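Asker: build me a structure from this.
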Amino acid sequence: MFTKAEITQIRLKKLGMCEPFSEPKSFMRRTIALQSQNHQPALVKIWANRLTLHTFLAEDWEMVFRVFGTRRNIVHRICEKEGLDLERILAEIDVFSRSKEVVNRKELDAIIGDYSAQVRSSIIAQAAIRGILYLLPSSDTIRNYSHRSRLGNYTEWAPDEAKDLEAMKALIHRYLAGYGPATWKDFRHWSGLTAGDIKEAVKALANELVIFTLDGEEYIALRGEKVPNASQNVFLTGKFDQAVIAYKDPTWIMTEAQRKSAWTVNGHCSAIIVAANRAIGLWKYEWKKGILIFTVSYFESACFQKEIKNELERFASRISPKPLEIQYNLG
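Answerer: Numbering: from 1, shown residues only. Just a heads-up that it's a prediction; the model follows:
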């Protein structure tokens with residue numbers, strides 16, 4: 001149905017690399033959940049079976065609860081290994097956090113008990129995904145939480161087969177709307193869900209999906225998907241950009257060797273530069289003696305230097321009026 005070039009064009013447009021999003025909420029609705037390395041803005045501190053930090057809109061919290069909070073995950077396994085009663089601890093956290101406007105990490109740790117940081121963080125993560133706690137904006141050293149009831153319009157959530165199925169359908173539909181065409185491998189990689197987890201929802205969505213095969217891989221798209229014009233933009237992504245982490249196979253935007261160079265030894269995904277519908281290199285910045293220094297590392301030969309310089313200057317204008325310097329590393 002689509003060629004690889006057409007799939008690339010569709011994805012780039014959806015990811016905001018052809019034209020900017022009108023405002024942050026539009027971006028968050030499209031991306032659904034944004035991986036974050038800053039603990040404080042991350043509303044929920046768990047995503048599927050991986051204890052990774054993700055930020056998403058409060059209006060999507062029930063959907064996330066019904067997809068992920070109603071099934072077993074790594075937190076259950078961690079607690080079982082330690083002999084902890086997860087449900088009892090979550091109930092205590094629920095009651096305690098309702099009684100105060102703000103709950104700090106030390107108070108939560110006291111409820112959980114003298115266990116490792118991994119165990120305590122996992123249980124607090126589960127409290128978030130179950131719709132009990134959300135993080136408040138504060139410094140990285142003072143982690144404060146509050147009960148979801150303080151967001152207003154509070155209702156209790158409980159597993160419900162029909163509602164849980166609708167939530168799974170909504171998540172799949174939104175993934176394809178924001179990232180498709182894609183494979184089920186891509187969706188499972190992004191969500192951490194299994195083929196069994198999504199089986200019934202996929203069946204229920206059959207009339208809304210188009211399935212086609214390309215180079216031996218089965219792709220899924222929403223009906224009515226259109227191919228936009230090819231983008232000529234040069235685009236600077238952020239770290240952990242969805243173009244890299246939202247797909248099992250990142251070779252739609254870069255080679256496998258380039259993907260490996262984008263991931264640092266400590267597990268951070270570097271910011272990439274996209275031009276002519278491909279990733280052409282990496283970029284980063286740091287402060288040195290009051291100067292904002294950008295480093296551009298090309299995967300291959302130097303190209304689009306003028307356009308990249310314009311984008312870096314535009315980025316710099318939003319964070320500092322101080323002098324800047326651009327350094328280039330050739331692949």
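Asker: can you show me the strands along the chain?
Answerer: For the chain, applying DSSP state E gives strands covering 34-35, 54-55, 103-104, 133-135, 144-147, 209-214, 217-222, 234-236, 271-275, 278-288, 291-298, 324-329.
Asker: please spell out which residues along stretch 286-306 are buried.
Answerer: 292, 294, 296, 297, 298, 299, 304 (16 or more other C-beta atoms under 10 Å). To be clear about C-beta, it is placed using only N, CA and C from the backbone, and glycine gets the same treatment.
Asker: correction: stretch 10-25
Answerer: Those would be 10, 11, 12, 13, 14, 15, 16, 17, 18, for stretch 10-25 by 16+ other C-beta under 10 Å.
Asker: lowest average confidence, helix or strand, in this protein?
Answerer: Using mean pLDDT, DSSP states H and E, strand 34-35 stands out as the lowest-scoring helix or strand of the chain, at a mean of 77.
Asker: quickly run through the sheet partners of that strand, with directions.
Answerer: Counting by DSSP bridges, the strands paired with strand 34-35 are strand 54-55 (antiparallel).
Asker: centre of the chain to the strand it pairs with, how far?
Answerer: Centroid separation between strand 54-55 and its chain, computed with C-alpha atoms, centre = their mean, to the nearest Å, is 6 Å.
Asker: which pLDDT value belongs to the closest residue to residue 21 other than its chain neighbours?
Answerer: Distances taken as C-beta to C-beta, 6 or more residues apart in numbering place residue 27 nearest to residue 21, at 4.1 Å, with adjacent residues excluded. At residue 27, the model reports a pLDDT of 89.
Asker: burial count for residue 27?
Answerer: 15 (other C-beta atoms under 10 Å).
Asker: and residue 82, by the same measure?
Answerer: 15.
Asker: what about it, distance to residue 111?
Answerer: The gap separating residue 82 from residue 111 is 15 Å, by C-beta to C-beta, to the nearest Å.
Asker: try residue 81
Answerer: Remark: distance between residue 81 and residue 111 (C-beta to C-beta) = 19 Å.
Asker: just residue 88 next, same as before
Answerer: Taking C-beta to C-beta, one finds residue 88 at 10 Å from residue 111.
Asker: wait, isn't residue 323 in contact with residue 291?
Answerer: Yes. Counting by C-beta atoms under 8 Å, residue 323 touches residue 291, with 5.2 Å between them.
Asker: what domains does the record give for the protein?
Answerer: Using automatic domain parsing, the domain ranges for the chain come out as 4-24+160-222, 31-151, 234-329.
Asker: quick one: which of these is nearest residue 228?
Answerer: When those are compared by C-beta to C-beta, domain 4-24+160-222 sits nearest residue 228, at 4.6 Å.
Asker: what average pLDDT does that closest one get?
Answerer: Here the average pLDDT along domain 4-24+160-222 is 95.
Asker: and if you look at stretch 228-240?
Answerer: Mean predicted confidence for stretch 228-240 is 88.
Asker: just the pLDDT for residue 331.
Answerer: 66.
Asker: hmm, back to that, just put the buried residues of stretch 10-25 in TSV and tack on distance to residue 203.
Answerer: TSV is the format used below for those (distance: C-beta to C-beta, whole Å):
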residue	distance to residue 203
10	25
11	26
12	31
13	29
14	25
15	28
16	32
17	33
18	33
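Asker: which two in the residues you listed are spaced the farthest apart?
Answerer: Set against one another by C-beta to C-beta, the buried residues of stretch 10-25 have their most distant pair in 10 and 16, with a gap of 12.7 Å.
Asker: could you dump stretch 302-315 to PDB, C-alpha only?
Answerer: Written as PDB, here are the backbone C-alpha positions of stretch 302-315 (Å, rounded to 0.1, in the frame of the first residue of the first chain):
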ATOM      1  CA  ALA A 302      29.300  17.300   6.400                       C
ATOM      2  CA  CYS A 303      26.200  18.600   4.900                       C
ATOM      3  CA  PHE A 304      23.400  21.100   5.500                       C
ATOM      4  CA  GLN A 305      25.700  23.200   7.600                       C
ATOM      5  CA  LYS A 306      24.000  26.500   6.900                       C
ATOM      6  CA  GLU A 307      20.500  25.100   7.800                       C
ATOM      7  CA  ILE A 308      21.900  23.400  10.900                       C
ATOM      8  CA  LYS A 309      23.500  26.600  12.000                       C
ATOM      9  CA  ASN A 310      20.200  28.500  11.600                       C
ATOM     10  CA  GLU A 311      18.400  25.900  13.700                       C
ATOM     11  CA  LEU A 312      21.100  25.900  16.400                       C
ATOM     12  CA  GLU A 313      20.900  29.700  16.600                       C
ATOM     13  CA  ARG A 314      17.200  29.600  16.800                       C
ATOM     14  CA  PHE A 315      17.400  27.100  19.600                       C
END
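Asker: right, I'll call it a day here.
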